[in-house]
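Asks: Here is a sequence with its predicted model. Questions after.
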Amino acid sequence: MGPSMAPDIEGRARAAIEQDGLTELFLGIGLLVFSGFLVLQLFDEVRIYALPWFVLLVMSGVLAAVRRKVTYPRVGYAKFRPSAVKLAMLGLLLVVLVVGITAFMVSLRTGHRWPAGFWTGLVFGIGLGGAGAAALTGWRLGIRRYYLYAASETLAIVLPWAAGIDVRVRAILMMAVPAVALIPGGAVTFRRFLRRNPLPEQEVGDEE
């Protein structure tokens with residue numbers, strides 16, 4: 001096993017990379033795609049259930065490629081050690097998403113009506129989980145804009161619920177509202193990142 005970074009150094013390295021704003025930008029686009037897909041499902045217009053997942057897969061590859069070309073040459077590259085806590089959180093989120101999507105597809109295919117409490121709890125669980133993840137990221141990396149993303153997600157969950165809006169619309173707002181905050185926030189951050197971190201000048205060796 002190779003050497004690993006100390007926790008404080010790893011935190012600074014993660015914060016430096018996240019200052020490019022690309023995570024927010026691509027995550028916002030992904031949430032917008034998912035919310036748009038739910039809107040189409042609401043009107044029974046699209047039945048390509050794998051479409052948002054395919055878009056998410058492509059975007060993850062694009063994000064990695066852009067970071068290799070743009071971010072790493074400016075702030076350096078660091079290989080982070082795996083974290084059991086982060087893997088557990090990711091696994092829990094995937095389980096919730098799979099359960100929700102499976103229930104959604106079953107209800108469409110069979111006409112089965114799930115209890116209202118199931119959908120309410122599912123939307124609350126995913127939304128508050130996302131808000132908590134954003135707040136935790138902001139706290140761990142010391143990036144204050146993530147608190148704004150967490151607040152937008154919380155409001156997108158609590159206010160529609162308090163107003164008695166249909167749970168299907170709440171599911172759309174749960175993703176669309178934070179996307180509206182993430183996309184411009186990521187774009188502005190990325191622009192500032194490029195200004196503050198120009199590419200280092202290439203050193204030219206003496207010709208022999």
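Replies: Alright, I've got the coordinates.

Asks: how much space between the residue nearest the centre of the chain and Pro178?
Replies: Nearest residue to the geometric centre of the chain (CA atoms, centre = their mean): Leu27, 3.7 Å. Remark: distance between Leu27 and Pro178 (CB to CB, to the nearest Å) = 8 Å. In this view, the C-beta of every residue, glycine as well, is placed from N, C-alpha and C.

Asks: Helices of this structure, start to end?
Replies: Along the chain, counting by DSSP state H, helices occupy 7-18, 22-42, 51-66, 72-75, 84-110, 116-141, 145-162, 167-196.

Asks: So what's the residue count around Ile26?
Replies: Actually, residue 26 is Phe. It isn't Ile. 19 (other CB atoms under 10 Å).

Asks: So it sits against Val62, correct?
Replies: Yes: with contact defined as CB atoms under 8 Å, Phe26 and Val62 form a contacting pair (7.3 Å).

Asks: okay, now Ala134: neighbour count?
Replies: Counted with other CB under 10 Å, Ala134 comes out at 26.

Asks: what sits against it?
Replies: By CB atoms under 8 Å, 6 or more residues apart in numbering, the residues touching Ala134 are 146-147, 149-150, 153, 178.

Asks: follow-up on the earlier one: and the residue nearest to the centre of the chain, what does it touch?
Replies: 182, 186.

Asks: Can you check what pLDDT the model gives it?
Replies: We have a pLDDT of 89 for Leu27.

Asks: Next: Val106.
Replies: Val106 is given a pLDDT of 68.

Asks: That concludes my questions; thank you for your assistance.
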